[in-house]
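Undergrad: Just to be clear, the model below is a prediction. Sequence and coordinates:
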Amino acid sequence: GAVVSQHPSWVICKSGTSVKIECRSLDFQATTMFWYRQFPKQSLMLMATSNEGSKATYEQGVEKDKFLINHASLTLSTLTVTSAHPEDSSFYICSASQTFTDTQYFGPGTRLTVL
Amino acid sequence: ELKVEQNPLFLSMQEGKNYTIYCNYSTTSDRLYWYRQDPGKSLESLFVLLSNGAVKQEGRLMASLDTKARLSTLHITAAVHDLSATYFCAGHAGGTSYGKLTFGQGTILTVHP
């Protein structure tokens, strides 16, 4: 149980285009989802916290107009990288928490390459 | 603000040897997680430690938590090649930061024959 999926698993796009990444909790309802970014050989950095039905809370230094997060249902959150540039190339990982529990379940990640 | 530091950042071990990875954190953390990450993959949960003195073991890995020293350790016993991966610890500050994890830098473990 407690499976989180991400789609796509990898994406290559041209500079200036927008890319949407989906994060789904497959067998549980996730009140809260988290979006992380990981550059090569670095740690995970939290980008934003997403609560179902409300606006996401962004970490300091993360541009909310560039990284649009929508958490429209208890099983789906999306991250849209708008006007992507090569420096946005990274591994994006989401995690989800079950309602009233503490455990975060991590998705498999999405590798974004911006040319 | 919670800060988490791991050491060493790189660890090269021979098979059969023992070693410990250390995870220090700066302020109160109401729980401490250990994760494993293989190259190109996401995180695999290893342990969650909830209280002072907590010790958990799974196979050749054992994790402990000392909340007074703000220190968690991941001990590797008789390392095997399959343990080669990057290991992260993560703290949880709680309170207004409920649910947010702060990760250490990661320790890249390589086990040699």
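TA: Perfect, I can see it now.
Undergrad: Quick one: low-confidence residue ranges for the chain.
TA: Since you didn't name a chain, this refers to chain A. In the predicted model, chain A carries pLDDT under 70 at residues A:1, A:99-102.
Undergrad: wait, chain B
TA: Under the criterion pLDDT under 70, the flagged ranges of chain B are B:95-97.
Undergrad: Strands along that one, start to end?
TA: Assigned by DSSP state E, the strands in chain B fall at B:4-7, B:10-14, B:19-25, B:31-37, B:43-49, B:55-58, B:61-66, B:71-76, B:85-94, B:97-103, B:107-112.
Undergrad: need the residues of chain B near chain A, please.
TA: Within chain B, the residues that sit near chain A (CB under 8 Å from any CB of the partner chain) are B:31, B:35, B:40-43, B:45, B:48, B:88, B:92, B:99-106, B:108. From N, CA and C alone the C-beta is placed, and that goes for glycine too.
Undergrad: Torsion angles phi and psi at the closest residue to residue A:90 other than its chain neighbours?
TA: Once flanking residues are discounted, residue A:90 sits nearest to residue A:37: 4.9 Å by CB to CB, 6 or more residues apart in numbering or on different chains. With angles defined as degrees, to the nearest 10, residue A:37 sits at phi -130, psi 140.
Undergrad: Contacts only, for residue A:37.
TA: A:44-45, A:47, A:90-93 (CB atoms under 8 Å, 6 or more residues apart in numbering or on different chains).
Undergrad: Count residues in the vicinity of residue A:89, would you?
TA: For residue A:89, the tally of surrounding residues (other CB atoms under 10 Å in any protein chain shown) stands at 17.
Undergrad: hmm, back to that, got a quick ChimeraX command for the buried subset of the residues of chain B next to chain A?
TA: For selection in ChimeraX, the members of those meeting the burial criterion (16 or more other CB atoms under 10 Å in any protein chain shown) are listed in this command:
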select /B:31,35,42,43,48,88,92,99,100,101,102,103,104,105,106,108
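Undergrad: got a list of what the nearest residue to residue A:91 once chain neighbours are set aside touches?
TA: Taking CB to CB, 6+ apart, and ignoring the residues beside it in sequence, residue A:91 has residue A:38 as its nearest neighbour in space, at 4.4 Å. Residues in contact with residue A:38 (CB under 8 Å, 6+ apart) are A:44-45, A:90-93, A:109.
Undergrad: In helices, which of these fall?
TA: Cross-referencing these against helices under DSSP state H gives no overlap.
Undergrad: Reformat those as a markdown table; add neighbour count.
TA: Written out in a markdown table, the entries for the contacts of residue A:38 read as follows (neighbours: other CB atoms under 10 Å in any protein chain shown):
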| residue | neighbour count |
| --- | --- |
| A:44 | 26 |
| A:45 | 16 |
| A:90 | 21 |
| A:91 | 20 |
| A:92 | 23 |
| A:93 | 25 |
| A:109 | 23 |
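Undergrad: List just the nearest of those to residue A:75.
TA: Within those, proximity to residue A:75 (CB to CB) peaks at residue A:93, which comes in at 17.5 Å.
Undergrad: which residues does that closest one bridge with?
TA: As for beta bridges, residue A:93 partners with residue A:36 under DSSP bridges.
Undergrad: what residues are up against residue 62?
TA: Reading this off chain A. Taking CB under 8 Å, 6+ apart, we find residue A:62 in contact with A:47-48.
Undergrad: Let me rephrase: I mean chain B.
TA: Taking CB under 8 Å, 6+ apart as the criterion, residue B:62 is in contact with B:55-56, B:74-75, B:77.
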